[in-house]
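**Student:** what's the 3D shape of this:
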Amino acid sequence: MDGRFDDDKSFVFTTGMITPLSVASGATNCLLSLRISPSASDGLTSTLGLREIINRMQLVMRTLAVQSDGRMLGQLILNGTPSGGTFAIPSANPSSLAQIAVHTAGTTITGGEAIYAFYTEGAGGGVFNTTSQNIELIRDLGNSILGGALTNNANQNAYPDGPDIVTLVVTNLEGSSRSAIARIGWTEAQA
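**Tutor:** Predicted structure coming up:
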C-alpha cells in the first residue's frame with residue numbers, strides 16, 4: 001500500500017500444549033501440527049463438504065517455543081504424515097481460520113521435509129528451560145488447488161489433497177527419558 005513490503009497489522013494467534021510429553025531416549029515425538037482450515041463459510045471452519053468455500057487464506061508462522069528438561073533437536077516438518085491427531089480450532093483463538101492438532105506421547109511422523117531445526121537448552125533433573133525461535137522467514141502456509149482434507153484426521157487427505165501441514169517434532173538427545181511442551185504463534189492474511 002505504501003510502495004514497500006511492510007506487513008499490515010494483524011492479530012498474532014498463539015496456542016500451545018497444556019501437558020508436557022515424555023520422550024524416550026533417542027525417540028522422536030510430534031508435539032503440534034498446524035494448518036489452515038481446508039474450507040470455511042460464515043466465519044466457521046471445517047472439512048470440505050461441511051463448509052463450502054475452499055479456504056485460500058495465507059498463514060504466516062511467527063514464533064515457537066519449546067520447554068524441555070533435556071537436550072532435544074526440534075524440527076518443523078512440512079507435509080509429513082503424523083501417526084495420529086485430530087485437527088480443531090484452538091479454543092483460545094475462536095476467530096482464527098487455522099486448525100491445530102496437539103499430539104500425544106508416541107506420535108511419530110513419516111515423510112515430509114524438515115524446513116527448520118534448532119536445539120533446546122534443557123537443564124535436566126526436571127528443570128525446564130525455554131528455547132524460543134523466530135520463524136518469520138518460513139514461507140506462508142496455504143491450501144492446495146484441490147482443497148481436499150475430507151476428514152479431520154491429521155494423517156488423511158494431506159497435501160497435495162489439502163492444506164499445507166507443518167508439524168513440530170522433537171528428538172530426545174539424552175541418555176534417558178525427557179519431557180517437552182511447546183507453543184506456536186502465527187498471523188493470518190485472510191484474502
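
**Student:** Would you mind listing where the protein has pLDDT under the threshold?
**Tutor:** By pLDDT under 70, the low-scoring segments of the chain are 1-8, 39-55, 92-93, 124-125, 145-161, 190-191.

**Student:** go again using 90 as the cut-off
**Tutor:** 1-13, 35-59, 81, 85-99, 121-128, 140-164, 175, 188-191 (pLDDT under 90).

**Student:** How about the contacts made by the residue nearest to Ile115 when sequence neighbours are not counted?
**Tutor:** Nearest residue to Ile115 in three dimensions, chain neighbours excluded: Leu78, at 4.8 Å (Cβ to Cβ, 6 or more residues apart in numbering). For the C-beta atoms, the positions are set from N, CA and C on the backbone; glycine is no exception. Contacts for Leu78 (Cβ atoms under 8 Å, 6 or more residues apart in numbering) come out as Gly112, Glu113, Ala114, Ile115, Asp164, Ile165, Val166.

**Student:** tell me the contacts of the first one?
**Tutor:** This means Gly112. By Cβ under 8 Å, 6+ apart, the residues touching Gly112 are Ile77, Leu78, Asn79, Gly80, Thr81, Thr167.

**Student:** Quick check: closest non-adjacent residue to it.
**Tutor:** Spatial nearest neighbour of Gly112, excluding adjacent residues (Cβ to Cβ, 6+ apart): Gly80 at 2.5 Å.

**Student:** Would you check how far apart the one you found and Thr167 are?
**Tutor:** In this view, Gly80 and Thr167 are 5 Å apart by Cβ to Cβ, to the nearest Å.
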